[in-house]
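S.K.: The following comprises the amino acid sequence and a computationally predicted model.
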Amino acid sequence: GAGVSQTPSNKVTEKGKYVELRCDPISGHTALYWYRQSLGQGPEFLIYFQGTGAADDSGLPNDRFFAVRPEGSVSTLKIQRTERGDSAVYLCASSSTGEETQYFGPGTRLLVL
Amino acid sequence: GEDVEQSLFLSVREGDSSVINCTYTDSSSTYLYWYKQEPGAGLQLLTYIFSNMDMKQDQRLTVLLNKKDKHLSLRIADTQTGDSAIYFCAESKVSSNDYKLSFGAGTTVTVRA
């Protein structure tokens, strides 16, 4: 079956602009996670959705970052007033509720100039 | 993340065994994982172990967990050129179905002929 997909695969924007990154989880997966991976680092947790609600947003770095999942499937990560330090690969993962394994998408590579 | 530490590089000859080591700090970790990341690709789950286990073997992969020392290792038998990648150790601290992962910085494994 289809895995987790993310669009766009690459995004280049200018400092101060707004960007949206999309994640399509595996069909039927109720849990969805966003992570950010900076160059040379491991992924860092941003936010976790259970269904439509953000059950844990403790990893969001500041209020410029926001994520939604209005219908409990597709999720969008939104970054306002982008800064050069936001440049990273943004990874999405999904799993079934209570399942200990997460399946990752290929990521969106964001470059803020 | 700062809770999980790994050595940064490992070079191994084709056909030899590779051993990648990881230490973690949180004794309440429930699951410990090994992920593989090839250039430009997302994360592939290789294997994982529940924290009440000492060892898990899956084909060429052997995971050893020393809970007392908070040390996790991944052994790859008969290492092949296709095993060249970055390997991430990760832990999860489960809370209310939230399996968010904390990753190490990754170990770059280079397989030489």
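M.R.: Structure's in. What do you need?
S.K.: pLDDT weak spots in the chain?
M.R.: No chain was given, so I picked chain A. A:1 (pLDDT under 70).
S.K.: nope, chain B please
M.R.: Ranges of chain B meeting pLDDT under 70: B:1-2, B:95-96.
S.K.: mind checking how far A:Arg69 is from chain B?
M.R.: Distance from A:Arg69 to chain B, counting by C-beta to the nearest C-beta, to the nearest Å: 15 Å. C-beta here means a position set from N, CA and C on the backbone, and glycine is covered the same way.
S.K.: give me phi/psi at that residue?
M.R.: phi -150, psi 70 (degrees, to the nearest 10).
S.K.: OK, contacts around it?
M.R.: Applying C-beta atoms under 8 Å, 6 or more residues apart in numbering or on different chains to A:Arg69 gives the contacts A:Leu32, A:Phe49, A:Gly51, A:Thr52, A:Gly53, A:Ala54, A:Ser75, A:Thr76.
S.K.: mind running it again at 7 Å?
M.R.: A:Leu32, A:Phe49, A:Thr52, A:Ser75 (C-beta atoms under 7 Å, 6 or more residues apart in numbering or on different chains).
S.K.: OK, contacts around the third one?
M.R.: For A:Thr52, the contacting residues are A:Arg69, A:Pro70, A:Glu71, A:Gly72, taking C-beta under 7 Å, 6+ apart as the criterion.
S.K.: sorry, back to before: go through the contacts of A:Arg69 and name the one nearest B:Tyr24.
M.R.: Closest approach between the contacts of A:Arg69 and B:Tyr24, by C-beta to C-beta: A:Leu32, at 24.7 Å.
S.K.: So in terms of bridging, what pairs with the closest residue to that closest one other than its chain neighbours?
M.R.: Take A:Leu32 and drop its neighbours on the chain: the residue closest to it by C-beta to C-beta, 6 or more residues apart in numbering or on different chains is A:Phe49, 4.4 Å away. For A:Phe49, the beta-bridge partners are A:Leu32, A:Ala54 (DSSP bridges).
S.K.: count of neighbours near the closest residue to B:Ser7 other than its chain neighbours?
M.R.: Spatial nearest neighbour of B:Ser7, chain neighbours left out: B:Thr107 (5.7 Å); criterion: C-beta to C-beta, 6+ apart. For B:Thr107, the neighbour count with other C-beta atoms under 10 Å in any protein chain shown is 21.
S.K.: Surely B:Thr107 touches B:Val4?
M.R.: No - contact between B:Thr107 and B:Val4 fails when scored by C-beta atoms under 7 Å: they sit 11.3 Å apart.
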